[in-house]
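Novice: pasting the sequence and the predicted model now:
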Amino acid sequence: MSKIRILPEHLANRIAAGEVVERPASVVKELLENSLDAGASEIEVEIEGSGTRLIRVMDNGEGMDEDDILLCLERHGTSKITSDHDLATINSLGFRGEAIPSIGSVSRLTITSRTQSSPLGTQVVLDYGKLLKVHEIGCSRGTIFEIRSLFGNTPARRKFLRTSRTELAHIEEVVKNYALATPSISFILRIDGRVTCQFSKSQSLPDRLASILHYQGPFLEIGKAPDESSNHNQRAGVVPGSNHPAPSTASCYGWLLPPDADTARSAMIRLLVNGRAVRDRMIIHAVIEGFRNFLMKGKSPVGLIHLHLPPEDVDVNVHPTKQEIRLRDSQGIHQMVSQTVEQAIRQFQKKIQGTIFQSAPYQENRLSQTIADSPSAHQINSQEIRQKPFPISINIPQPTTSCRHENNQRQHHISQAQLVDILSPSSSLSLPQTAENSIEAPSAPSQTVVFPHQPLGETKIQGHGLKVIGQYDNLYIFCQSAEGGLLVVDQHAAHERLLFEALKKKFLQGAIASQSLLFPVTVELTNAESEGVEHYAADIEQMGFSVRDFGGNSYIISAIPAMAGQCNPGELFIDILGKFITEKSGAEKTSKGSILDDILASIACKAAVKAGDQLHHREIDALLTRMARADLFSHCPHGRPVTKHFTASEIKKWFYRP
């Protein structure tokens, strides 16, 4: 007797249900997709008992007649595809014909539906896969699916369900995802008689996203969203759930929260591909890559990303729930998404920068002419300044030639010339010789420096349109913005970002300029690090280092990046070498651009002015001028904000002033 036998239909459906119907939210997802494919413009979902007692989904779509209802109860009964070509170019959310029979096999299912041309509707009742009743009934156009006692015939499945709160949260996520995918369709979700989610047709997509995220600030607009239409009848060759023609090329749009936005811990990136809510680590990674150097470590991007791809470039038939996809050109999509996101961030930050700084060209006005004509005015270039030290006391690790792990501390005096060379946009500064801006610094500088009041017009000579108030704690620069607000600048983060952008520009142009060391530094490396020096010799040289073998694991550093002239050469080199080795070992899966940015950020961080450095007024002016002219300065390369701006109205509110 044969051991292999064909399973009964009801048993096969229950097995299929184990893949398709994981939890109540899976039922809601499948039924919402049916409603959207049917061209519904109004969808209502009712839940009782976390979905195991009742799930009711009502829509005003095309509806079904008696024959179609009975056919949809059969396995692989579908109106979505008819050939292999249709499977390769899927233009609907559902297509397998497995969901309805699977749901019917593990629940008491009632389907009520009517088409526009029928005077009466049809109602079909099933009891765990067994057909009980088929009869005519008066009802409005559309379809109502009513699922009761879900998993009532499979008690083991119910045991694997989570708490009621968890299951309801999953249901809410499903409804929210499809509300974002189809902004011109109204959705209502009722849980135990109470409306928990409601989205009207008049709501724009950003408004829907803002209500879901409980966010009231501005969004980063990613790409360009297609225009919505009131007609949502599904037809061949369109994106599922909308009337947009299927795209011939890939495009990306969406709305993300700015890097500085304060978000809830549960917030995340919602991903839609051709109107379908999916999970894809590669695309999420692309969004994170776009935010690189703009987000603090430990924070993640939040918002909505929608990809429109040619149907033949997306395979949605790789998972029973259709929540995972396979892309034909995954690397190309990754690059497109990351570049689109990064471009949007830069444009957004430029708009913010424009509200803080006046776009003032470097030009002379009456006051600057007076200064230039003054007998006391003279040219101060870096050679003159270099002769007079500017005593700023900071701690820098003592370099060692034998072991990089011994960190002794010593006091360093950084000359004002070094800071001017780094900060100044030109090689010389035209300044009046007055007591206020004398080169000689106080012998015992305080932690807070307040500069004499000046007319706002004078600071415009410097090209940033700000009135410098002073330096607080030798770290924060306080300024009055052009519109009367208060601008606080983190001097280290600001300078670090400017150096990072300059280093990256130099690197992309060919190589970073080197600075020879008066006294070459010897470092002792491990075997792995020595191997890394040989393997990455060309990359290390392109970064501005000159290194040669000194025998064994000893190496001599004779030049470092010019912009890192104040850094400990040995410590900087070992840090950069370690980042190259990390990439080679695969300990961190980073892209080539990511490792480059990480290395350049490390150089910029070590070369930038530090917390505790007291800056002269001219150095602050030079820093602010560079910021005003920079394409981007909103965040340091590690994601920390550079500035905090308080408007005049905000400050008045602090003191209850009108």
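Specialist: Everything's here; your move. Computed from a prediction, not measured in an experiment: that's the story for all the values here.

Novice: what does the helix or strand harbouring Ala286 rub up against?
Specialist: Taking DSSP states H and E as the definition, Ala286 sits inside helix 281-290. Residues outside helix 281-290 that contact it (CB atoms under 8 Å, 6 or more residues apart in numbering): 256, 269, 271, 273, 300-301, 305, 307, 327, 330, 333-342, 344-345, 591, 593-594. From N, CA and C alone the C-beta is placed, and that goes for glycine too.

Novice: in that helix, what counts as buried?
Specialist: Ile283, Ile284, Ala286, Val287, Ile288, Glu289, Gly290 (16 or more other CB atoms under 10 Å).

Novice: and those residues as JSON lines, adding pLDDT and distance to His535?
Specialist: Output for those, formatted as JSON lines (pLDDT from 0 to 100; distance: CB to CB, whole Å):
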{"residue": "Ile283", "pLDDT": "93", "distance to His535": "32"}
{"residue": "Ile284", "pLDDT": "92", "distance to His535": "31"}
{"residue": "Ala286", "pLDDT": "92", "distance to His535": "28"}
{"residue": "Val287", "pLDDT": "93", "distance to His535": "32"}
{"residue": "Ile288", "pLDDT": "90", "distance to His535": "28"}
{"residue": "Glu289", "pLDDT": "88", "distance to His535": "25"}
{"residue": "Gly290", "pLDDT": "90", "distance to His535": "30"}
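
Novice: I'd like those residues as a markdown table, with distance to Lys224 appended.
Specialist: Listed next are those as a markdown table, based on distance: CB to CB, whole Å:
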| residue | distance to Lys224 |
| --- | --- |
| Ile283 | 18 |
| Ile284 | 21 |
| Ala286 | 18 |
| Val287 | 17 |
| Ile288 | 22 |
| Glu289 | 21 |
| Gly290 | 16 |
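
Novice: which of those residues sits closest to Gln203?
Specialist: Closest approach to Gln203 among those (CB to CB): Val287, at 23.9 Å.

Novice: what's the distance between that closest one and Arg326?
Specialist: Separation of Val287 from Arg326 (CB to CB, to the nearest Å): 19 Å.

Novice: same question, Gly121
Specialist: Distance of Gly121 to Arg326, computed by CB to CB: 40 Å.

Novice: buried sites along the helix or strand containing Thr522?
Specialist: Element membership of Thr522 [criterion: DSSP H and E] is strand 514-524. Neighbour counts over strand 514-524 (16+ other CB under 10 Å) mark Ser514, Pro520, Val521, Val523, Glu524 as buried.

Novice: what sits against the closest residue to the second one other than its chain neighbours?
Specialist: If I follow you right, that is Pro520. Leaving aside its chain neighbours, Pro520 sits nearest to Ser558 (4.5 Å; criterion: CB to CB, 6 or more residues apart in numbering). Residues in contact with Ser558 (CB under 8 Å, 6+ apart) are Ser516, Leu517, Pro520, Ser546, Val547, Arg548.

Novice: could these be laid out in TSV, adding pLDDT and distance to Ala607?
Specialist: Output for the contacts of Ser558, formatted as TSV (pLDDT from 0 to 100; distance: CB to CB, whole Å):
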residue	pLDDT	distance to Ala607
Ser516	91	16
Leu517	92	15
Pro520	93	19
Ser546	93	17
Val547	94	18
Arg548	92	23
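
Novice: which of the residues you listed lies closest to Ala611?
Specialist: Comparing these against Ala611 with CB to CB places Leu517 closest, at 26.1 Å.

Novice: buried ones among the contacts of helix 281-290?
Specialist: The buried subset of those - by 16+ other CB under 10 Å - is 256, 269, 271, 273, 301, 305, 307, 327, 333-334, 336-338, 340-342, 344-345, 591, 594.

Novice: any low-confidence regions in the stretch 401-550 of the chain?
Specialist: Applying pLDDT under 70 to the stretch 401-550 of the chain picks out residues 401-463.

Novice: do a quick rundown of the strands in it.
Specialist: For the stretch 401-550 of the chain, the strands defined by DSSP state E, counting those that start in this stretch cover 408-413, 428-432, 449-450, 467-472, 476-480, 486-490, 514-524, 546-549.

Novice: what comes into contact with the fifth one?
Specialist: With CB under 8 Å, 6+ apart as the test, strand 476-480 has contacts from 456, 466-472, 486-491, 615, 620, 623-624.

Novice: now that strand: buried residues?
Specialist: For strand 476-480, by 16+ other CB under 10 Å, it's Tyr476, Ile477, Phe478, Cys479, Gln480.

Novice: quick one on the thing from earlier: tell me the strands beside the strand holding Thr522, with direction?
Specialist: strand 554-561 (antiparallel) (DSSP bridges).

Novice: run the chain-centre distance for the strand it pairs with.
Specialist: Between the centre of strand 554-561 and the centre of its chain there are 38 Å (CA atoms, centre = their mean, to the nearest Å).

Novice: ok, then the element right after that strand?
Specialist: Remark: after strand 554-561, the chain's next helix or strand is helix 569-585, criterion DSSP H and E.

Novice: who does that following helix touch, helix- and strand-wise?
Specialist: Applying 3 or more CB pairs under 8 Å, 6 or more residues apart in numbering; DSSP states H and E, one finds that helix 569-585 contacts strand 514-524, helix 527-535, helix 537-542, strand 554-561, helix 592-607.

Novice: among these, which comes closest to Ser26?
Specialist: Closest of the helices and strands packed on helix 569-585 to Ser26 is helix 592-607, at 36.2 Å (criterion: CB to CB).

Novice: looking at the closest one now, give me its mean pLDDT.
Specialist: Across helix 592-607, pLDDT averages out at 81.

Novice: over to stretch 647-655?
Specialist: In this model, stretch 647-655 has an average pLDDT of 93.

Novice: contacts for stretch 511-527?
Specialist: Stretch 511-527 has contacts (CB under 8 Å, 6+ apart) with 399, 401-404, 503, 506, 533, 541-546, 550, 553-565, 569-570, 573-574, 577.

Novice: got a ChimeraX select line for the buried ones in the residues you listed?
Specialist: A single ChimeraX command is used to select the members of these judged buried by 16+ other CB under 10 Å:
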select :399,404,503,506,533,543,544,545,546,553,555,556,557,559,560,561,562,563,564,569,570,573,574,577
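
Novice: where does the stretch 251-400 of the chain have low pLDDT?
Specialist: Checking the stretch 251-400 of the chain against pLDDT under 70 turns up 262-267, 317, 319-322, 355, 358-400.

Novice: related to what we said a few turns ago, pLDDT wise, what is the residue nearest to Pro520 at?
Specialist: 94.

Novice: distance of it from Gly104?
Specialist: As judged by CB to CB, Ser558 and Gly104 stand 78 Å apart.

Novice: check Leu168 too.
Specialist: Applying CB to CB to Leu168 and Gly104 gives a distance of 23 Å.

Novice: which of the two has more neighbours?
Specialist: More crowded of Leu168 and Gly104, by other CB atoms under 10 Å: Gly104, with 26 against 21.

Novice: low pLDDT regions in the stretch 51-200 of the chain?
Specialist: Residues of the stretch 51-200 of the chain that meet the cut-off, pLDDT under 70, sit at 76-77, 79-91, 94-96.

Novice: now do the helices in it.
Specialist: Applying DSSP state H, counting those that start in this stretch to the stretch 51-200 of the chain gives helices spanning 66-72, 84-88, 99-105, 155-159, 164-181.

Novice: turn those helices into TSV, columns for distance to Val278.
Specialist: Listed next are the helices of the stretch 51-200 of the chain as TSV, based on distance: least, CB to CB, whole Å:
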stretch	distance to Val278
helix 66-72	24
helix 84-88	18
helix 99-105	17
helix 155-159	25
helix 164-181	9
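
Novice: can you say which of the ones you listed is packed in most?
Specialist: helix 99-105 (a mean of 26; mean count of other CB atoms under 10 Å).

Novice: how close does Asp613 get to Leu475?
Specialist: 8 Å.

Novice: hey, what's in contact with both of the two?
Specialist: Counting by CB under 8 Å, 6+ apart, the common neighbours of Asp613 and Leu475 are Gln491.

Novice: now the one residue sitting closest to the centre of the chain, what's its secondary structure?
Specialist: The chain has Pro301 as the residue nearest its centroid, 3.4 Å off, counting by CA atoms, centre = their mean. Put simply, Pro301 is coil when judged by DSSP: H, G, I helix; E, B strand; the rest coil.

Novice: all good on my end, thank you.
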